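Chemist: below are the sequence and a predicted model for it; my questions follow.
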Amino acid sequence: MFDLLRKHIEKFTSLTDTDWLLLLPQLKIKKLRKNAFFSKEGKICREIGFILQGNMRHFYSRDGEEKTTYFYFENHFVTDYISCISGKPGLISIEALSDCELIVFPYTVLQQLYSQSHAWERFGRLIAEYLAAGLEERMTGLLMLSPEERYLQLLDSNKQKILERIPQHLIANYLGITPVSLSRIRNRMLKK
C-alpha cells in the first residue's frame, strides 16, 4: 500500500531506498466517511494525503455559497497547500464525497526532508510547480472561457472521472454555472 505512494512520488523525482526510509515511518492510514472533512475552512491544515480509495472536493465558501474548484480521486495528493506552507487557517475546505482511505503524513516532516535529501527537495519544488500550473489553468478557464467552452473543455480533457463519478449539481458548481444552465448546455450539444 505504501509502495503505491512511493510510485507516485517517483513520478516527480527518483528516490533511493534511503530517501524513502526517511518518510516511511511517518506514514499513517486515515479513513474518512462520506461528507467528513480532510481540511476545513478556518482551521490550519497540517498534513498531506494521498488518496487510496474514494473521491473528494476542494471548495471555497462565501456568504453561504460554495464554489467548487477541484476534485480529487484515487492516486491524487490532497492538502490545503497554502495553509500548510503558511501555518495559517485555511480559506478552503476539502470534503469527502464518498468514504475515503488515504495515506497521510505531516507537512512538517516533508519540510524536514527538504534539508536531508535533494530528492525530497526536488519533489517539493516539482509538486509546487505542478500545483501552480493547475491553478493557472483553472483560473484561465474561468476567466477566459464561456460556460459552454468550459464544459467542452471538461469533455475533451483527461478528467473523465469527474463526469463519471461526480453529481451533476457539483459539476455545474465546478463550471461556475447553475444545474439548470448545465442542463441547457448539454441539451444544446445533443441537438448539434
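Modeler: Here it is on my side, so go on.

Chemist: show the average pLDDT along stretch 176-191.
Modeler: Averaged across stretch 176-191, pLDDT comes to 89.

Chemist: mind starting the numbering at 51 from now?
Modeler: Sure, I'll start numbering at 51, so the last one becomes stretch 226-241.

Chemist: relative to the whole chain's centre, how far out is it?
Modeler: Stretch 226-241 has its C-alpha centroid displaced from the chain centroid by 25 Å (Cα atoms, centre = their mean, to the nearest Å).

Chemist: care to break the chain down by domain?
Modeler: 52-193, 195-242 (automatic domain parsing).

Chemist: most packed of those domains?
Modeler: domain 52-193 (a mean of 16; mean count of other Cβ atoms under 10 Å). Every residue, glycine included, has its C-beta placed from N, CA and C.

Chemist: quick check: mean pLDDT across that domain?
Modeler: The pLDDT scores in domain 52-193 average 95.

Chemist: next, the distance between the ends of that domain.
Modeler: For domain 52-193, the first-to-last residue distance is 39 Å (Cα to Cα, to the nearest Å).

Chemist: now the element after the longest helix belonging to the chain, going C-ward?
Modeler: Scanning the chain for the helix with the most residues, using DSSP state H, yields helix 168-194. Using DSSP states H and E, the helix or strand that directly follows helix 168-194 along the chain is helix 197-206.

Chemist: dump that following helix to PDB, keeping only the CA atoms.
Modeler: Only the C-alpha atoms of helix 197-206 are listed here, as PDB (Å, rounded to 0.1, in the frame of the first residue of the first chain):
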ATOM      1  CA  PRO A 197     -19.600  28.200 -19.600                       C
ATOM      2  CA  GLU A 198     -20.200  26.200 -22.700                       C
ATOM      3  CA  GLU A 199     -16.500  26.300 -23.600                       C
ATOM      4  CA  ARG A 200     -15.600  25.200 -20.000                       C
ATOM      5  CA  TYR A 201     -18.000  22.200 -20.400                       C
ATOM      6  CA  LEU A 202     -16.500  21.300 -23.800                       C
ATOM      7  CA  GLN A 203     -13.000  21.600 -22.300                       C
ATOM      8  CA  LEU A 204     -14.100  19.200 -19.500                       C
ATOM      9  CA  LEU A 205     -15.500  16.700 -22.000                       C
ATOM     10  CA  ASP A 206     -12.200  16.800 -24.000                       C
END
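
Chemist: counting by contacts, list what it packs against.
Modeler: helix 168-194, helix 210-215, helix 218-225, helix 229-241 (3 or more Cβ pairs under 8 Å, 6 or more residues apart in numbering; DSSP states H and E).

Chemist: who wins for proximity to Glu116 among these?
Modeler: Within the helices and strands packed on helix 197-206, the stretch nearest Glu116 is helix 218-225; the backing value is 6.7 Å (Cβ to Cβ).

Chemist: just give me how far the longest helix of the chain sits from the chain centre.
Modeler: The answer for helix 168-194 is 11 Å, by Cα atoms, centre = their mean.
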